[in-house]
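Show me how the following folds:
(2 chains)
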Amino acid sequence: QVQLVQSGSELKKPGASVKVSCKTSGYTFTSYPINWVRQAPGQGLEWMGWHNTNTGNPTHAQGFTGRFVFSLDTSVSTAYLQISDLQPGDTAVYYCARGWGIVVDYWGQGTLVTVSS
Amino acid sequence: QSVLIQPPSVSGTPGQRVTISCSGSGSNIGINSVYWFQQFPGTAPKLLISRNDQRPSGVPDRFSGSKSGTSASLVISGLRSEDEADYYCAAWDDSLSGRGVFGGGTKLTVL
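Model prediction:
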């Protein structure tokens, strides 16, 4: 069965970096892009962008450029989200999800990133 | 401010029919399909309706979707207590070189 398993919760200080992993299984990794979605505490869903796992081309939504880096390791069917220079406003649950753009059918369980001094 | 506009909350009693609206524009709902997601507290969203009105396998037929012009609706018939959750509409938006956009979410309370 299709599974996306994300790394565990992180507590970081402002200015630090974090790397969230999304390990997939149950399908051919390069057949579907991986999307990243942010959900701040008590807030709605924000599409951060997606990573074409076939071409390796990432696409970032406005507001998620610069400090937000998508990467892949196709040898282990895993996608990564790295956020640098973390700020308290980055505190959120970050989800990876399989699919084309907004057409996501399977989601990871989410990774809570807390930024606090 | 979300690109797609949903009511913050709706409520109903068991057995009732409730409708959640989603308003967009000509660059998103007007020209692209609408998707609906259901999210329970502390869990990941789940795809509920695909391509405006298609139910993925396993989704009860109590849930239905529709689209007209730049708006869409999710209808839940025969409301059950376990339907209490947050519901989000989503669509692809062709502006700004293309992006996914979500509604702000609607909290459904079953009274």
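
only C-alpha atoms for contact and neighbour calcs from this point on.
OK.

Within range of chain A, give me the residues from chain B.
Taking C-alpha under 8 Å from any C-alpha of the partner chain, the part of chain B that reaches chain A is made up of B:35, B:43-47, B:50, B:90-92, B:99-105.

If we use 7 Å, what do you get?
Within chain B, the residues that sit near chain A (C-alpha under 7 Å from any C-alpha of the partner chain) are B:T43, B:A44, B:L47, B:A90, B:A91, B:W92, B:R99, B:G100, B:V101, B:F102, B:G104, B:G105.

Looking at neighbours, which among those residues is most surrounded?
Within these, B:A90 tops the neighbour count with 30 neighbours, counted by other C-alpha atoms under 10 Å in any protein chain shown.

That residue contacts B:G104, doesn't it?
No - applying C-alpha atoms under 7 Å, one finds B:A90 not in contact with B:G104, separated by 9.5 Å.

closest to B:V10 among the residues of chain B next to chain A?
Proximity of the residues of chain B next to chain A to B:V10 (C-alpha to C-alpha) peaks at B:G105, which lies at 10.7 Å.

Could you check how far A:Q109 is from A:Y95?
With distances taken as C-alpha to C-alpha, to the nearest Å, A:Q109 is found 7 Å from A:Y95.

more crowded one of these two?
Between A:Q109 and A:Y95, A:Y95 has the larger neighbour count (other C-alpha under 10 Å), namely 29 against 22.

quick check, the more buried one in a helix?
No - A:Y95 sits outside any helix when classified using DSSP: H, G, I helix; E, B strand; the rest coil, being strand.

so what's it up against?
Shown in contact with A:Y95 (C-alpha atoms under 7 Å, 6 or more residues apart in numbering or on different chains): A:W36, A:V37, A:R38, A:W107, A:G108, A:Q109, A:G110, A:T111.

do A:A61 as well
A:W47, A:M48, A:G49, B:R99.

Now list the buried members of those.
Buried members of the contacts of A:A61, scored by 16 or more other C-alpha atoms under 10 Å in any protein chain shown, are A:W47, A:M48, A:G49, B:R99.

Just name the closest of those to A:S117, please.
A:M48 (25.0 Å).

In a strand, the closest one, correct?
Yes - counting by three-state DSSP, A:M48 falls inside a strand.

Bridging across strands, which residues link to the spatially most central residue of chain A?
Centroid-nearest residue in chain A, with C-alpha atoms, centre = their mean: A:W36, separated by 4.0 Å. Under the criterion DSSP bridges, A:W36 forms beta bridges with A:G49, A:C96.

Can you show me the strands along the chain?
By default, I'm working from chain A. Using DSSP state E, the strands of chain A run over A:3-6, A:10-12, A:18-25, A:34-39, A:45-51, A:58-60, A:68-73, A:78-83, A:92-100, A:103-107, A:111-115.

that's the wrong chain, I meant chain B
Using DSSP E, strands in chain B cover B:9-12, B:18-23, B:34-39, B:46-49, B:63-68, B:71-76, B:85-93, B:99-102, B:106-110.

how about TSV for those, with distance to A:T24 and mean pLDDT added?
What follows is the strands of chain B, written out as TSV (distance: least, C-alpha to C-alpha, whole Å; pLDDT from 0 to 100):
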stretch	distance to A:T24	mean pLDDT
strand B:9-12	34	97
strand B:18-23	32	98
strand B:34-39	21	98
strand B:46-49	17	96
strand B:63-68	29	98
strand B:71-76	30	98
strand B:85-93	24	97
strand B:99-102	22	95
strand B:106-110	30	98
